[in-house]
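Undergrad: sequence? don't have it. structure:
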Ligand SMILES: C[S@@+](CC[C@H](N)C(=O)[O-])C[C@H]1O[C@@H](n2cnc3c(N)ncnc32)[C@H](O)[C@@H]1O
Ligand SMILES: Nc1nc2[nH]cc(C(=O)O)c2c(=O)[nH]1
Ligand code: SF4
Ligand SMILES: [Mg+2]
């Protein structure tokens, strides 16, 4: 279901300095909640309920969830309401995504409650924040330099309320946190999922991988590394898929499709 005016937006809601809606008590900012097939990563194809939180500490120019990052929605739901909505679906896998879901304190209560009910939980995160929570699969997508907004890659409307220029430096400063990445791979079953726009991206993937391997006390195998074509439309994926697949073969990494983009062109609630 789309989460909009039918949900109490929360009276004491406030904006954080990141322009993200702040979570409040046991309420989470939720942009949408729906059942679909997991489209990405090693669980691709598995029927799953998606909880998409709103608000992000980064601003990727290509973000396919514009209304959780560049222009976040503000409706909130109580953890109990989220659980009831999840339980109304048949799936036993839940994907908590965003925006950046680990920004919000109440996400831990949500994950605790899902764990108590026997759900398999995947958390889709940009890897800049660590939280201690029952996460079955940490799906970590560290952001490469090619994600940083520039005047040429500015998704905001001209004269709109959000200024991509303001975000370029903040995004660049925040996008890699080695301590958070090492803690995520040490504590959870994980996949490292890199968005590939062009061939040059792979150098940064191998550099960052070496740094994560240095910092983490657990092995990171090449097959824990997934390359995913950048694209929020089937047409764009057509352009980025060949180089992404070639790089996966050359370097021994995994390729992951974006099934939902090919099937539904990343329409809302898919
Ligand atoms: C919208 S993000 C939300 C979770 C978290 N903020 C993150 O970036 O990992 C969900 C996934 O979509 C990926 N993604 C976002 N926009 C994309 C695009 N245009 N092409 C390919 N992947 C994209 C992210 O890298 C991440 O793996
Ligand atoms: N079907 C589908 N699979 C997904 N896997 C990760 C997604 C995300 O936005 O985090 C996503 C999504 O938005 N839709
Ligand atoms: S980190 Fe994730 S949600 Fe945030 S802007 Fe990038 S892709 Fe979008
Ligand atoms: Mg998505």
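TA: Happy to help now that I have it. No experiment lies behind these values; they were computed from the predicted model shown. Residues are numbered from 1 along each chain as shown. Ligands and ions are numbered 1, 2, ... in the order given.

Undergrad: alpha carbons only for contacts and neighbour counts from here, please
TA: Noted.

Undergrad: where does the stretch 1-150 of the chain come near ligand 1, residue by residue?
TA: Counting by CA under 6 Å from any ligand atom, the residues of the stretch 1-150 of the chain close to ligand 1 are 62-65, 97-100, 124-126, 140-141.

Undergrad: one more time with 8 Å, if that's ok
TA: Residues of the stretch 1-150 of the chain lying close to ligand 1 (CA under 8 Å from any ligand atom) are 40, 52, 56, 58, 60, 62-65, 68, 97-101, 123-127, 139-143.

Undergrad: Now, those residues that are in helices?
TA: With DSSP state H as the criterion, helices contain none of these.

Undergrad: Excluding residues flanking it in the chain, which one is nearest the residue of the chain found nearest ligand 2?
TA: Relative to ligand 2, the nearest point of the chain is residue 39 (3.6 Å; CA to the nearest ligand atom). In this structure, residue 39 finds its nearest non-sequential neighbour in residue 259, 4.4 Å apart by CA to CA, 6 or more residues apart in numbering.

Undergrad: For the stretch 51-200 of the chain, which residues are neighbours of ligand 2?
TA: Counting by CA under 8 Å from any ligand atom, the residues of the stretch 51-200 of the chain that sit close to ligand 2 are 52, 64, 65, 95, 96, 97, 98, 124.

Undergrad: go again using 6 Å as the cut-off
TA: 97, 124.

Undergrad: As a check, name the ranges of all strands in the stretch 51-200 of the chain.
TA: Along the stretch 51-200 of the chain, counting by DSSP state E, counting those that start in this stretch, strands occupy 76-78, 93-97, 120-125, 137-140, 190-196.

Undergrad: Helix, strand, or coil at residue 30?
TA: strand (DSSP: H, G, I helix; E, B strand; the rest coil).

Undergrad: So for it, what's the pLDDT?
TA: pLDDT recorded at residue 30 is 98.

Undergrad: interface residues of the stretch 1-150 of the chain facing ligand 3?
TA: Counting by CA under 6 Å from any ligand atom, the residues of the stretch 1-150 of the chain near ligand 3 are 56, 58, 59, 60, 63, 65, 69, 98, 99, 100, 126.

Undergrad: need the contact list for the last one.
TA: When contacts are counted by CA atoms under 8 Å, 6 or more residues apart in numbering, residue 126 touches 100, 140, 141, 142, 143, 175.

Undergrad: what does residue 36 give?
TA: 47, 48, 49, 50, 269, 270.

Undergrad: any low-confidence regions in the chain?
TA: The chain contains residues with pLDDT under 70 at 1-24.

Undergrad: Now with 50, please.
TA: Within the chain, the segments meeting pLDDT under 50 span 5-15, 17.

Undergrad: Not counting sequence-adjacent ones, nearest residue to residue 222?
TA: Per CA to CA, 6+ apart, closest to residue 222 is residue 253, 5.3 Å.

Undergrad: Burial check on the one you found, number of neighbours?
TA: Using other CA atoms under 10 Å, residue 253 is surrounded by 17 other residues.

Undergrad: for residue 268, same thing?
TA: Count around residue 268 with other CA under 10 Å applied: 12.

Undergrad: and the residue nearest to residue 100 when sequence neighbours are not counted, how far is that from residue 242?
TA: In space, and not counting its chain neighbours, residue 100 is closest to residue 56: 4.8 Å by CA to CA, 6+ apart. Taking CA to CA, to the nearest Å as the measure, residue 56 falls 30 Å from residue 242.
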